[in-house]
Structures are given as structure tokens and as C-alpha cells.
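[1] Sequence first, predicted coordinates after that:
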Amino acid sequence: MRFQSLNYIKYLLPLSLFLVIYFQEFYLGYPAFKVTVFLCFWIFILTTGALTTSEGYEAKNRGYSILGMLPLTHREIVAAKFVLLLAAVVVMNLVNLALLCIGTKTSAPVTWPGMVMIGILWGVFCLLYCGCMYLGIFKFGYEKVTRFHWVVFLALVVGLVFIVGDILGELSLDALLTLAQSPLGYAAALLGLAAYYLLYRTAVGIKENNGEV
Amino acid sequence: MENPLQVMNLRKEYNDFLLDDISLALERGHIMGLIGPNGAGKTTTIRLLMNMIKKDGGDVRLFGLKYPQDEKAIKNRIGYVGEEPYFYQNRTIRWTEKFVSSFFTGWDSGVFASFVKKFDLPWKKKIKHFSKGMKVKLSFAIALSHHPELLILDEPTSGLDPVVRREILDLLLDLRNKRELSVFLSSHITDDLYRVSDRIAYMVNGRILITEVKDELMARWKRIIFKDGALSPEVETRLMQVEKQLFGSAGITNNYPQLAEALRDGMARGDVKVENVNLDDILISLVNGE
């Protein structure tokens, strides 16, 4: 990879596999929906973790100064970050959902489409969150944004895993099927991707105006 | 042929600093030294030349090309060495070359290897274990290995010992003479600039106060040492930084050719002496004059 900090993404896949398999075993007896929510949360941890690690690496080495002396435009630098993030989220979601489906095959195969929809929406959420982080990093610098990120991260741990997870875990199979069959889910995903593109365009503008923060 | 560097009315505004009305021109095969005290705006100017920050006004052209549309073409023709040499610290020179070379269209591995050898740099040692001098040398090796036509250097010799400094400066002169390389070099180490520059630009408080051929500048600026009463009041008021000395006074003029006639009699009597100033003296006069 030409962008050094993005090399960290290659470590995501094995880590993701390990975590998915681990929780697959641990949560085998729980309702599929709750397992889905929990596993999706790991995608959030991995993507934001990869982002903070790679940007931390850039900050430590003044990577943007290095890139600034090379024949590269700001647009190319930002595009590389956003495209690789998108690729990482897609791959992780596919692996996650595949393993999830294998794990829950015998208990509730009818829930797969619903789980896939949750995976897609959650993936889009991760992209938007990370896109916003990039915006913040280009505008305010790595340190400020990671501080803010940890507050959000802890709030999500408490909110999503312990509260929302419990509520969703009790939902019926009908609710899952409804979600999968509704066009609203796909529309939301498409809107999310459009918003991700807008975040990219905004990030390019910020990078061109601010240079290295 | 277009100048390698042409800056017109460049402007950048921060909350607490204004870089204003910067105009510079550097011809092919020339070395221009940018001198200024800390905080004068030298690094800001250079970052603007590299498009690392966005200008608020004015025009920057390198080889007649403009940012942002020609950024890749421009940066393929220039080499840059910053004040702090930045690298991925956990990597070796071999890895760094592989990384950097993938971006430059004219990268020459043979030239890079020759610089690594010339500078006696270790290929396999992690860069975090390099001294500052080694990092600067590596920066130069990278900046020069794609056959740039213009070098932009931001205080490259600050913090280096005199031996390494001399080595770097000699390299610049050699490349200028052999390859007609143009160099834009900022520093507050005026000895270095005096040694290599053809043209000097003085920057104080975000403005360029002087840009001039070095020899003409040195011919204009002189220190006049005179016994009390040896100069007419009219001449004495035209001197800057007049200070009392043990056997009279001394002051600096920025227009010696105009004063030469008025000083001739005093010099013949031995009451007036004229000495060369150095670039520091001029800088101090300009800063005090501000």
C-alpha cells in the first residue's frame, strides 16, 4: 500500500475473524438478533480502532508533512483514506455476517435477511462516524478528535451493548423479517452512502484549506 | 523560459500574523536565500510555495505552473527539505525509498543509492535511530533523486554541526554549478546564506523588505566608523544604529555609493573608516528600523 498508515487495515481481518468466532461461541445460546447487534458493534470497534491507530501513526510521524512533499494532491490523500475505509467496512461486514449465518444456521435461518440488513445499516453508520472523524482530524487535529471519540465510544458501549442490545434481543422474528423486506432499510443505506460521499467532499475542502493541522 | 519560482503579492492571514505582499522571482541556476528572524514568516512562505497551506491571496507559479491544478507536475520537478526531517520512524532507508519512489515519475534509484553512499547512511537501520544530521542527509537524498529543477529548503542546516552544514552547502553549490539547479533556501544562519546565495531576500514581520543580488547588497550596506565631528550632521543623520565607541562612533548606511563622496575627505585624513557589514548586521538594522 502506498499510504503507510493504512497498512494497519490489513490487521483488521484476522482480528475481526477472531472476535467474531469468539463471540459466536460465547453468545450461541442467545437470540440471533442480539448476537447480530453485538457482533456489529465489533465492526465499529475495529473500524474506529483502525482509524485512530493509523491517524495516530500519521500524527506521531508527521505523516501528512511527508505526504505534502510528494507529488500528491490533497484530494488523492483524502480519497485513499475514504476508499480504504469503505473497503474495510464492506469486507468486515461480509465476514461478520457470513460467520453469523453459519453459526445460527440451525437455530433461526429465517432471520438471515434481517441480520444482513442490520449489518448493512450498521456498516453505513460506521462509515459515517469514521467520515466525521476524518473531517474532525483534518480540521482540528488528531488529538482533539480522539478525545471526543472516546467519549462517544464509551456512550455507545453502554447504550448499544447493554441497553439497546437487551431490548432488541427480545424482538420477534417477525420484526426481523419486516425490516429485511422493507424498502426503508435500503433507502437509508443509500442515503447513508450519499452522506459518506458528501463527507469525503467536505474533507477534501477542509484538507485543501487547512493543510496539515 | 519560465522562472522556476515566481511569487506575486502572496498573502496569508492568521489570527495573530499576517504575511503580506510577498513578491519574489528566482531564475534558473540561481540560489536565493531568505533571511529573517524567528517568526518573520519564512516557514509560512515556504509552506505556501509547497501548497501545504492555502494562500489567501496573490499568485504562486513554479515553472509557470499553478496550484492546485498542476500540483503533481510541480512536485515532480521540485525537491523539498523541511525544517524538521520527517520520516516514518520505524522504517529503514530501503523501505522509505520504495515508498517515496512510487510517487515520483522521474525517480532514479541509482542517484539515490549514490547519495546514500556519499552520505554514508545505513540502508537497514531504522530511521528512529538516526541522528539529526543523518536525517537531514536522507532528506536531501530523497529531495534530489528525482532530478528536481528547483530545491525548496526550509532551514535545512539548523541544528547541524559545522561539518555536516558545510557538506550540505557544498553539495548545493556543486549541483547549482553542474546541473543549473535553482535553490530557494530559508535560514536564520546568515553565514550559510552568505556562502551559497546569489540573491538575498530579507523578511521581517511577514513582509519582504529587500530582495537584491548579494554582491550589490553588500556594496550598498557598509559600516562607517568616524571620529566625533568628522562627519557633517547631514551625513550622520543618514546612518543607522549609530553607537558610541572607544575612539568615536560607528553607524551603518544602506546606501554607501551615495555617501562615498561625502566621506572621501574624512577617509583621507584617517578620521573615517569604511568596513563591510555582514548579513546579520543588515538584518538587525532592518528589524530595528521596523
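    Right, received. Where do you want to start?
[2] who in chain A is up against chain B?
    Applying CB under 8 Å from any CB of the partner chain, one finds that chain A approaches chain B through A:2, A:4, A:57, A:60-63, A:65-66, A:68-74, A:208-212. C-beta here means a position set from N, CA and C on the backbone, and glycine is covered the same way.
[3] Go through the residues you listed and flag which are in helices.
    Residues of the residues of chain A next to chain B located in helices (DSSP state H): A:Y57, A:K60, A:N61, A:G63, A:S65, A:I66, A:G68, A:H74, A:E208, A:N209, A:N210.
[4] Quick one, which of those residues are buried?
    A:Y57, A:N61, A:G63, A:S65, A:I66, A:G68, A:H74, A:E208, A:N210 (16 or more other CB atoms under 10 Å in any protein chain shown).
[5] Is it possible to get JSON lines of those residues that adds pLDDT?
    JSON lines is the format used below for those (pLDDT from 0 to 100):
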{"residue": "A:Y57", "pLDDT": "89"}
{"residue": "A:N61", "pLDDT": "89"}
{"residue": "A:G63", "pLDDT": "88"}
{"residue": "A:S65", "pLDDT": "87"}
{"residue": "A:I66", "pLDDT": "89"}
{"residue": "A:G68", "pLDDT": "88"}
{"residue": "A:H74", "pLDDT": "91"}
{"residue": "A:E208", "pLDDT": "86"}
{"residue": "A:N210", "pLDDT": "77"}
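[6] count of residues packed around B:E243?
    As a burial measure, B:E243 scores 8 neighbours (other CB atoms under 10 Å in any protein chain shown).
[7] how about it, what does it touch?
    B:S249, B:A250, B:G251 (CB atoms under 8 Å, 6 or more residues apart in numbering or on different chains).
[8] How is the first one classified with respect to secondary structure?
    For B:S249, the reduced secondary structure class is strand; criterion used: DSSP: H, G, I helix; E, B strand; the rest coil.
[9] and the gap between it and chain A?
    Look at B:S249 and chain A: by CB to the nearest CB, to the nearest Å, they are 49 Å apart.
[10] Excluding chain neighbours, what is closest to B:F103?
    The shortest distance from B:F103 to any non-neighbouring residue, by CB to CB, 6 or more residues apart in numbering or on different chains, is to A:L70 (4.3 Å).
[11] Tell me the predicted confidence for the one you found.
    Predicted confidence (pLDDT) at A:L70: the value is 93.
[12] can you pull the contacts of it?
    B:K75, B:V100, B:F103, B:F104.
[13] What residues does chain B have near chain A?
    Counting by CB under 8 Å from any CB, chain B sits next to chain A at B:47, B:50-54, B:68, B:71-76, B:80, B:82, B:84, B:86-89, B:91, B:99-100, B:102-105, B:143.
[14] give me the beta-bridge partners of B:S182?
    B:S182 has the following beta-bridge partners by DSSP bridges: B:L150.
[15] any idea how far the closest residue to A:A79 other than its chain neighbours lies from A:I206?
    Leaving aside its sequence neighbours, A:A79 sits nearest to A:Y200 (CB to CB, 6+ apart; 7.0 Å). Per CB to CB, to the nearest Å, A:Y200 is found 11 Å from A:I206.
[16] With B:R61 instead?
    Noted for B:R61: a distance of 25 Å to A:I206, by CB to CB.
[17] Same check on B:R94?
    35 Å.
[18] Same question for B:I78.
    The value you get for B:I78 to A:I206, if CB to CB is used, is 25 Å.
[19] of these two, who's got more company?
    It is B:I78, of B:I78 and A:I206, that has more neighbours when counted by other CB under 10 Å, with 23 against 20.
[20] That one bridge partners, please.
    Taking DSSP bridges as the rule, B:I78 bridges to B:L150.
[21] So it is in contact with B:I152, correct?
    Yes - the pair B:I78 / B:I152 is scored as a contact, 5.9 Å apart, by CB atoms under 8 Å.
[22] Now do the shared contacts for these two.
    By CB under 8 Å, 6+ apart, the residues touching both B:I78 and B:I152 are B:M50.
[23] are any of the contacts of B:E243 buried, and which?
    Of those, these count as buried by 16+ other CB under 10 Å: B:S249, B:A250, B:G251.
[24] contacting residues around the last one?
    For B:G251, the contacting residues are B:R223, B:I224, B:F226, B:E236, B:L239, B:M240, B:Q241, B:V242, B:E243, by CB under 8 Å, 6+ apart.
[25] now do 6 Å
    With contacts defined as CB atoms under 6 Å, 6 or more residues apart in numbering or on different chains, B:G251 is in contact with B:I224, B:L239, B:V242.
[26] Any of the residues you listed buried? List them.
    By 16+ other CB under 10 Å, the contacts of B:G251 give B:I224, B:L239 as buried.
[27] now, which of the contacts of B:G251 lie within strands?
    The strands, defined by DSSP state E, take in B:I224, B:V242 from those.
[28] ok, which stretches of chain A are helices?
    Using DSSP H, helices in chain A cover A:12-26, A:32-61, A:63-68, A:74-104, A:112-140, A:142-156, A:165-169, A:173-181, A:183-210.
[29] again, but for the stretch 101-250 of chain B
    For the stretch 101-250 of chain B, the helices defined by DSSP state H, counting those that start in this stretch occupy B:109-118, B:132-144, B:162-179, B:190-196, B:214-220, B:233-236.
[30] what packs against the third one?
    The reference is to helix B:162-179. Applying 3 or more CB pairs under 6 Å, 6 or more residues apart in numbering or on different chains; DSSP states H and E, one finds that helix B:162-179 makes contact with helix B:190-196.
[31] and residue 132, how many neighbours?
    You didn't say which chain, so I picked chain A. 19.
[32] Not quite, go with chain B.
    Using other CB under 10 Å, B:K132 has 14 neighbouring residues.
[33] and the residue in the stretch 101-250 of chain B that chain A sits nearest to, backbone torsions?
    For the stretch 101-250 of chain B, the residue closest to chain A is B:F103, as judged by CB to the nearest CB, at 4.3 Å. The phi/psi pair for B:F103 (degrees, to the nearest 10) reads phi -100, psi -30.
[34] From B:L175, how far off is it?
    For B:F103, the distance to B:L175 equals 22 Å [CB to CB].
[35] repeat for A:V89
    For A:V89, the distance to B:L175 - CB to CB - is 47 Å.
[36] now do B:E167
    In terms of CB to CB, B:E167 sits 13 Å off from B:L175.
[37] and if you look at B:P85?
    18 Å.
[38] same deal with B:L144?
    Where B:L175 is concerned, B:L144 sits at a distance of 7 Å (CB to CB).
[39] How about B:S186?
    18 Å.
[40] These two: which has the busier surroundings?
    B:S186 (26 against 19).
[41] Return the set of residues that bridge with that one.
    For B:S186, the residues forming beta bridges with it (DSSP bridges) are B:L34, B:D154.
[42] just checking, it touches B:I35?
    No - the criterion here is CB atoms under 6 Å, and B:S186 misses it with B:I35 at 7.8 Å.
[43] Return stretch A:143-155 as PDB; C-alpha atoms alone will do.
    Presented in PDB, the C-alpha positions along stretch A:143-155 are these (Å, rounded to 0.1, in the frame of the first residue of the first chain):
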ATOM      1  CA  GLU A 143      -5.500  14.700  19.500                       C
ATOM      2  CA  LYS A 144      -8.800  16.700  19.900                       C
ATOM      3  CA  VAL A 145     -10.800  14.300  17.800                       C
ATOM      4  CA  THR A 146      -9.600  11.100  19.500                       C
ATOM      5  CA  ARG A 147     -10.500  12.600  22.900                       C
ATOM      6  CA  PHE A 148     -14.000  13.300  21.600                       C
ATOM      7  CA  HIS A 149     -14.200   9.800  20.100                       C
ATOM      8  CA  TRP A 150     -13.500   8.100  23.300                       C
ATOM      9  CA  VAL A 151     -16.500   9.800  25.000                       C
ATOM     10  CA  VAL A 152     -18.700   8.700  22.100                       C
ATOM     11  CA  PHE A 153     -17.200   5.300  22.200                       C
ATOM     12  CA  LEU A 154     -18.000   4.800  25.900                       C
ATOM     13  CA  ALA A 155     -21.500   6.100  25.400                       C
END
